[in-house]
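Enquirer: need a 3D model of the following:
(2 chains)
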Amino acid sequence: MTTLARARFSQLVLPRLDEGYRLAHWLTGNATDAEDVMQEACLRAYRAIEGFAEGNARAWFLTIVRNTGYSWLQRHRPRAVIFAEDLAPEARAALESGSALAEAPVTPEAALIARDDAGQLARAVEALPVAFRETLVLREYHGLSYREIAAVTGVPVGTVMSRLGRARQHLLIRLAGDGR
Amino acid sequence: MIDDDETLLLLGAYLDGELSAGEVLAMERRLAAEPALRAAAERLRGLSADLRATPAPPPAPEALRGRVIHAIGFADPPPGGRSMSGSRPGLWRGPWGGLWGGSWRGSWRGSWQALAATLVLGLAGGATLGSGAFRVDRTGTAAEAVLAGHLRGLAAPQPFDVASSDRHVVKPWFNGRTTLAPDAPDLADQGFPLVGGRIDIVAGNPVPTLVYRKDRHVISVTVLPAAEGPGAGEERRDGSTIERWSLGDLTYWAVSDLNRRDLRAFVELFRSRTGRPG
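Expert: Residues are numbered from 1 along each chain as shown, chains lettered A, B, ... in the order given. All right, here's what the predicted structure looks like:
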């Protein structure tokens, strides 16, 4: 049993460490915490590996990393993060419909600075609420399909679509006027 | 600027390649007719391109890989008495009893260097099953990978990737998939019909596996370059019997839950049919 579990672990999980680590990095925002999350996620994956039926191993592992990242954030930064799942229905609706993201347009000066700063876009992504950030990251950096993102984040495909749309509009507004 | 929510969502899904054929058609008609929509599409395309151009976080540090492998071994130490494994206790048990308790980061840095040196040697080749950390001795590594391939085949709907009892189909199928194309003798006349072939991964390399049947039992014959597992021998692991033998510069591994006598008979037969001198 342990032979099989280890073999499956090395076939299914080890090749995906980089990808999982990048997602953990986006979720937690720094390298040290990402390592913490990955250590725990890998152990969870190992314990769950015999229950994993052949299928989309990538989405399966990213789901574990994502959920581990969420519980890590809840443990270590309970006040810094808003979880859509924990909000009252009205607040949740507001979050999904984008009012939580509404913000004053940036000034031309700020936009100019933005254009000169290569890290600006990455920081804008980091500033997104976690539900929007993970959806955007899974799509743009990990290249997952809407259906896979829905499976990883545990929401309907329609919610994936709307979160992605909100996140992108928000980034466009922040970067508005930079000449594109 | 488009501010119709639904249109924006559809446009995003269109650019992500997530619309159905009919919706794509409708969207392309609208794009042709509406300059504002085209401009919005351009902005979204530009954003995606910019996002993908931003540097991703760095890949996982090598130390993390080592720690994960160590922790897996630690979390689930192997049972004693594995005949072929030259496992090293030092790799499995460490002084870090609370590794997962939350304080590992500080407590185990000190001893890391020594362990890292051991691990990195084996990890360089791609950290497939125990290339270094799980199992140091190569024969054990190969046996484990071969067995894992066999068990995975049993767990799958069918134990092979190409289904054919025709050796002239199975052998060429391996071409281009692995660097080895073994002879695939048909032993149906002796009660061991060839049923197909599949690719297994051993030490990070794709290797050919021939699949035979004996009544309801599946026999996997995995072929490795001889260096991967020298010599001949037999062992039992997890209810399966593994027989290995060498021919030329190849080592053959037969795995099955057949009883030893039948597996031995199969191996003798297989060897006699592939038995070029040398």
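Enquirer: break the chain into its domains for me.
Expert: By default, I'm working from chain A. A:2-76, A:88-174 (automatic domain parsing).
Enquirer: that answer is for a different chain, and I need it for chain B
Expert: As recorded under automatic domain parsing, the domains making up chain B are B:5-51, B:63-123, B:138-274.
Enquirer: wait, A:Ala151 touches A:Ile64, no?
Expert: No - contact between A:Ala151 and A:Ile64 fails when scored by Cβ atoms under 8 Å: they sit 11.9 Å apart. All C-beta spots, glycine's among them, are computed from the backbone N, C-alpha and C.
Enquirer: higher neighbour count, these two?
Expert: Shown here are A:Ala151 and A:Ile64; by other Cβ atoms under 10 Å in any protein chain shown, A:Ile64 has more neighbours (24 against 19).
Enquirer: for chain B, give me its nearest residue in chain A.
Expert: Closest residue of chain A to chain B, Cβ to the nearest Cβ: A:Ala7 (3.0 Å).
Enquirer: quick one, what contacts that residue?
Expert: A:Ala7 is in contact with B:129, B:144-145, B:147-148, B:151-152, counting by Cβ atoms under 8 Å, 6 or more residues apart in numbering or on different chains.
Enquirer: mind telling me which of the domains of chain B the model trusts least?
Expert: In terms of average pLDDT, domain B:63-123 trails the rest of the domains of chain B, at a mean of 47.
Enquirer: okay, helices next: where are they in chain A?
Expert: Taking DSSP state H as the test, the helices found in chain A are A:2-12, A:17-28, A:31-48, A:57-76, A:89-97, A:108-116, A:120-126, A:130-140, A:146-153, A:157-174.
Enquirer: would CSV of the ones you listed with distance to B:Asn205 be doable?
Expert: Converted to CSV, the helices of chain A look like this (distance: least, Cβ to Cβ, whole Å):
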stretch, distance to B:Asn205
helix A:2-12, 13
helix A:17-28, 20
helix A:31-48, 24
helix A:57-76, 20
helix A:89-97, 48
helix A:108-116, 48
helix A:120-126, 37
helix A:130-140, 31
helix A:146-153, 29
helix A:157-174, 38
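Enquirer: how about JSON lines for these, with mean pLDDT added?
Expert: Below are those laid out as JSON lines (pLDDT from 0 to 100):
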{"stretch": "helix A:2-12", "mean pLDDT": "80"}
{"stretch": "helix A:17-28", "mean pLDDT": "91"}
{"stretch": "helix A:31-48", "mean pLDDT": "91"}
{"stretch": "helix A:57-76", "mean pLDDT": "90"}
{"stretch": "helix A:89-97", "mean pLDDT": "54"}
{"stretch": "helix A:108-116", "mean pLDDT": "48"}
{"stretch": "helix A:120-126", "mean pLDDT": "82"}
{"stretch": "helix A:130-140", "mean pLDDT": "92"}
{"stretch": "helix A:146-153", "mean pLDDT": "93"}
{"stretch": "helix A:157-174", "mean pLDDT": "91"}
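Enquirer: quick one, which of the ones you listed is nearest to B:Gly196?
Expert: B:Gly196 lies closest to helix A:2-12 among these, at 20.4 Å (Cβ to Cβ).
Enquirer: show me which residues of the closest one are buried.
Expert: Buried residues in helix A:2-12, counted by 16 or more other Cβ atoms under 10 Å in any protein chain shown: A:2-12.
Enquirer: try stretch B:22-39
Expert: B:27, B:37.
Enquirer: which residue does the stretch 1-150 of chain B bring closest to chain A?
Expert: For the stretch 1-150 of chain B, Cβ to the nearest Cβ, closest residue to chain A: B:Ala148, 3.0 Å.
Enquirer: show me the contacts for that residue.
Expert: Counted by Cβ under 8 Å, 6+ apart, B:Ala148 has contacts A:3-4, A:7-8, A:11, B:129.
Enquirer: now do the contacts for the most centrally placed residue in chain A.
Expert: Nearest residue to the geometric centre of chain A (Cα atoms, centre = their mean): A:Glu134, 1.9 Å. Counting by Cβ under 8 Å, 6+ apart, A:Glu134 touches A:23, A:26-27, A:66, A:153.
Enquirer: mind running it again at 7 Å?
Expert: With contact set as Cβ atoms under 7 Å, 6 or more residues apart in numbering or on different chains, A:Glu134 has these partners: A:27, A:66, A:153.
Enquirer: just confirm B:Ser220 is within a strand.
Expert: Yes - note on B:Ser220: a strand contains this position according to DSSP: H, G, I helix; E, B strand; the rest coil.
Enquirer: quick check: beta-bridge partners of it?
Expert: With beta bridges defined as DSSP bridges, B:Ser220 has these partners: B:Val211, B:Val255.
Enquirer: B:Leu31 contacts B:Ala39, correct?
Expert: No - if you go by Cβ atoms under 7 Å, B:Leu31 and B:Ala39 don't touch, sitting 10.2 Å apart.
Enquirer: number of nearby residues for the nearest residue to B:Tyr212 once chain neighbours are set aside?
Expert: In this structure, B:Tyr212 finds its nearest non-sequential neighbour in B:Ile219, 4.3 Å apart by Cβ to Cβ, 6 or more residues apart in numbering or on different chains. Neighbourhood size, B:Ile219 [other Cβ under 10 Å]: 27.
Enquirer: quick check: B:Ile219 vs B:Asp166, distance?
Expert: 18 Å (Cβ to Cβ, to the nearest Å).
Enquirer: hmm, who's touching stretch B:255-270?
Expert: Identification of contacts with stretch B:255-270 by Cβ under 7 Å, 6+ apart yields B:146-147, B:150, B:185, B:187, B:190, B:192, B:214, B:217-221, B:239-243, B:245, B:254.
Enquirer: OK, contacts around A:Val65?
Expert: Shown in contact with A:Val65 (Cβ under 7 Å, 6+ apart): A:20, A:23-24, A:37-38, A:41.
Enquirer: show me which residues of chain A sit near chain B.
Expert: Applying Cβ under 7 Å from any Cβ of the partner chain, we find that chain A lies next to chain B at A:1-4, A:6-7, A:9-11, A:14, A:17-18, A:21-22, A:25-26, A:35, A:38-39, A:42-43, A:46, A:54, A:121-122, A:139-141, A:145-146, A:161-162, A:164-165, A:168-169, A:171-172, A:180.
Enquirer: appreciated, that's everything.
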